[in-house]
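S.K.: need the 3D shape of this:
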Amino acid sequence: MSSSPVFDKSGVTAKIIEQTETLANNMYGRDPMSVPLDEIDVSQPALFHTSTMWGFFDRLRKEDPVHYCKDSINGPFWSVTKFKDIMTVEADHATYSSDKRITIFNQSEALQSTTSFIAMDEPEHGNQRRTVQGVVAPTNLALMEPIIRERMEGILDALPIGETFNWVERVSIELTTQMLATLFDFPFEERHKLTYWSDVATSRPGIDDIVESEEEQFRILSEECLPAFTKLWNERVNAPPSNDLISMLAHGEATRNLQPMEFLGNLMLLIVGGNDTTRNSLSGGVHTLNQNPEEYQKLRDNLDLIPKMVPEIIRWQTPLTHMARTALKDTTLAGKQIKKGELVVMWYVSGNRDEDSIDNPYDFIIDRARPREHLSFGFGIHRCMGNRLAEMQLRIAWEEIMKRFRFVEVVGEPVRSHSTFVNGFADLPVQVHPW
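M.R.: A predicted model of the protein is given here:
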């Protein structure tokens, strides 16, 4: 069931594999069934960079769905791997806290001074989230639809016919970056800074090719990103409220007095959240349709399937691999005793392949009966605020793609993104073939 490894051209994956091989309990390259159950560590980056994590998750779901890893590069943690158990943790915010740590991966010291509402519990979380939620209200989405369509038309019409190009850069990044600039009312001619800052925030200093150190990471975000948005904040706070995210934060009762590092943390949440789901699902959809030609033909034969195909792409791709919580008290989950203070990791990437909750989860089916039954947006009070916007962008994108191109053909080896938290692509070489 696991796909073949995908190696990136920059040597980043080679570095990560080399780093992993120094671990006493290295998982990379091993048969999941040969590893003692109590030694399995599904957090090792090499598994995700090479797409070889699937067999380990399959085994955990069958044999130990709430699994304790006592020794990992990220410290001890519980893995929750089944769909319904993940929903239980998501729904019980009185037992499982989002405060501070929301991923398995140790946050760099450079970013530990920032905070955002996704890393808060109630009531602070709800108060701050409600401040900006209006940006994706149904009335606003209706206003955005023609803007998204016009921009997608321009992006697609500019693509070179008969030439190989990077779909991620020319289409996925460009669409999401333009949308982010609109949501923030950020200077449109400087919009690519938003993608860069998102990549900086999710990078692994010294591993990928984005930043060399935690100090550089923090410098870019605090001395480039923060001042640019502080300037916009100062302009908006002295103007009448409007429907962009900065104005909402500046005028919101729960956010108008944010300290600089709180402001930066919320900016990173909104930039990364607004960037990665759509960007990687749009690239992932092209890649997956190429791997499933019968489904691609089904789409060509019936474009009315696009609204169902979009959530299936999001399930299949699972743009964020996981989220983490901290137990606020001793508790029991699926018969396992979890102690107060222990880290509990919800592996969305595993829950979205749970055969007990999703029919034929390893099949990509664009006319799936209940395509929205997936965990890619999370669940409960922390469910992704922009889920409907992401779906709308992808729907419009595929409507416009299919108007123009019979086949977006992957013509080379894809390069996976450097982040182990964000599941996506850095390079997807394609050629487009008109009808």
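S.K.: burial count for L143?
M.R.: 11 (other C-beta atoms under 10 Å). Bear in mind the C-beta positions are built from the backbone N, C-alpha and C, glycine included.
S.K.: same thing with the one 10 residues further on?
M.R.: Neighbours of E153 under the rule other C-beta under 10 Å: 14.
S.K.: which element follows the helix or strand hosting L289 toward the C-terminus?
M.R.: Assessed by DSSP states H and E, L289 sits inside helix 260-291. As assigned by DSSP H and E, the chain's next helix or strand after helix 260-291 is helix 293-301.
S.K.: got a list of contacts for that following helix?
M.R.: L289, N290, L305, I306, M309, F364, I365, I366, D367, M402, R406, F407 (C-beta atoms under 8 Å, 6 or more residues apart in numbering).
S.K.: pLDDT averaged over that helix, what's the number?
M.R.: Per-residue pLDDT over helix 293-301 has a mean of 98.
S.K.: now that helix against helix 260-291, angle please.
M.R.: 100 degrees (axes from the mean of the first three to the mean of the last three C-alpha atoms, to 10 degrees).
S.K.: mind listing what's buried along helix 293-301?
M.R.: For helix 293-301, burial by neighbour count (16 or more other C-beta atoms under 10 Å) applies to E295, Y296, K298, L299.
S.K.: before we move on, what about stretch 390-410?
M.R.: Applying 16+ other C-beta under 10 Å to stretch 390-410 flags 390-398, 400-401, 404-405, 407-408, 410 as buried.
S.K.: next one: stretch 147-161
M.R.: Within stretch 147-161, the residues scored as buried using 16+ other C-beta under 10 Å are I148, R149, R151, M152, I155, L156, L159.
S.K.: which ones are touching the residue lying closest to the last one once chain neighbours are set aside?
M.R.: Using C-beta to C-beta, 6 or more residues apart in numbering and skipping the chain neighbours, the partner closest in space to L159 is V432 (5.5 Å). Applying C-beta under 8 Å, 6+ apart, we find V432 in contact with L159, I161, R404, F405, F407, V408, E409.
S.K.: mind redoing it with 7 Å?
M.R.: By C-beta atoms under 7 Å, 6 or more residues apart in numbering, the contact set of V432 is L159, I161, F405, V408.
S.K.: ok, the third one to Q337 distance?
M.R.: Going back to what we said before, that points to F405. Taking C-beta to C-beta, to the nearest Å as the measure, F405 falls 54 Å from Q337.
S.K.: looks to me like F407 is in a helix.
M.R.: No - judged by DSSP: H, G, I helix; E, B strand; the rest coil, F407 forms no part of a helix; its state is strand.
S.K.: what pairs with it across the strands?
M.R.: H433 (DSSP bridges).
S.K.: pLDDT wise, what is it at?
M.R.: 98.
S.K.: on that earlier part again, in strands, which of the buried residues of stretch 390-410 fall?
M.R.: Using DSSP state E, the subset of the buried residues of stretch 390-410 located in strands is F405, F407, V408, V410.
S.K.: surely the last one and V430 touch.
M.R.: Yes - the pair V410 and V430 qualifies as a contact (C-beta atoms under 7 Å) at a distance of 5.5 Å.
S.K.: list residues touching both of the two?
M.R.: V286.
S.K.: does the closest residue in space to S203 that isn't next to it in sequence fall in a helix, a strand, or a coil region?
M.R.: Leaving aside its sequence neighbours, S203 sits nearest to I210 (C-beta to C-beta, 6+ apart; 4.0 Å). Three-state assignment for I210 (three-state DSSP): coil.
S.K.: how close does I210 get to L394?
M.R.: Relative to L394, and taking C-beta to C-beta, I210 is found at 26 Å.
S.K.: for Q44, same thing?
M.R.: 30 Å.
S.K.: same thing with S34?
M.R.: In this view, S34 and L394 are 39 Å apart by C-beta to C-beta.
S.K.: so where's this protein uncertain?
M.R.: 1-13, 100, 106-132, 134-135, 208, 382, 418-420 (pLDDT under 70).
S.K.: quick check: phi and psi at L320.
M.R.: According to degrees, to the nearest 10, the main-chain angles of L320 amount to phi -110, psi 120.
S.K.: nope, A324 is what I was after
M.R.: phi -120, psi 150.
S.K.: who does the spatially closest residue to it that is not a sequence neighbour bridge with?
M.R.: Nearest in space to A324, with sequence neighbours left out and distances taken as C-beta to C-beta, 6+ apart, is V345 at 4.8 Å. Counting by DSSP bridges, V345 forms beta bridges with S79, A324.
S.K.: I'd say V345 and I102 touch.
M.R.: No - counting by C-beta under 7 Å, V345 does not reach I102; the two are 10.0 Å apart.
S.K.: residues shared between the contacts of those two?
M.R.: A324.
S.K.: for these two, indicate the residue with more neighbours.
M.R.: V345 (26 against 20).
S.K.: from Y362, how far out is that one?
M.R.: 22 Å.
S.K.: which parts of the protein are strands?
M.R.: Taking DSSP E as the criterion, the chain contains strands spanning 66-69, 77-80, 96-97, 165-166, 322-327, 331-333, 336-338, 343-347, 405-410, 415-416, 425-427, 429-434.
S.K.: out of the ones you listed, which is closest to P241?
M.R.: Among those, strand 322-327 comes nearest to P241, with 31.3 Å by C-beta to C-beta.
S.K.: state the distance from the closest residue to R236 other than its chain neighbours to T255.
M.R.: Distances taken as C-beta to C-beta, 6+ apart place S247 nearest to R236, at 4.2 Å, with adjacent residues excluded. Applying C-beta to C-beta, the value for S247 to T255 is 11 Å.
S.K.: cool, F379 as well?
M.R.: If you go by C-beta to C-beta, the gap between F379 and T255 works out to 25 Å.
S.K.: with the buried residues of helix 293-301 in mind, which one is nearest to L141?
M.R.: Distances from L141 to the buried residues of helix 293-301, taken by C-beta to C-beta, are shortest for L299, at 23.9 Å.
S.K.: count the neighbours of the closest residue to I366 other than its chain neighbours for me.
M.R.: Counting by C-beta to C-beta, 6+ apart, I366 lies nearest to M309, which is 3.9 Å off, once chain neighbours are set aside. A count of nearby residues for M309, using other C-beta under 10 Å, gives 26.
S.K.: contacting residues around M309?
M.R.: For M309, counting by C-beta under 7 Å, 6+ apart, the contacting residues are L299, I366, W398.
S.K.: just checking, V80 touches L343?
M.R.: No - with contact defined as C-beta under 7 Å, V80 does not count as touching L343 (10.9 Å).
S.K.: between those two, which is the more surrounded one?
M.R.: V80 (32 against 19).
S.K.: residue contacts, that one?
M.R.: V66, I86, V89, V344, V345, M346, W347.
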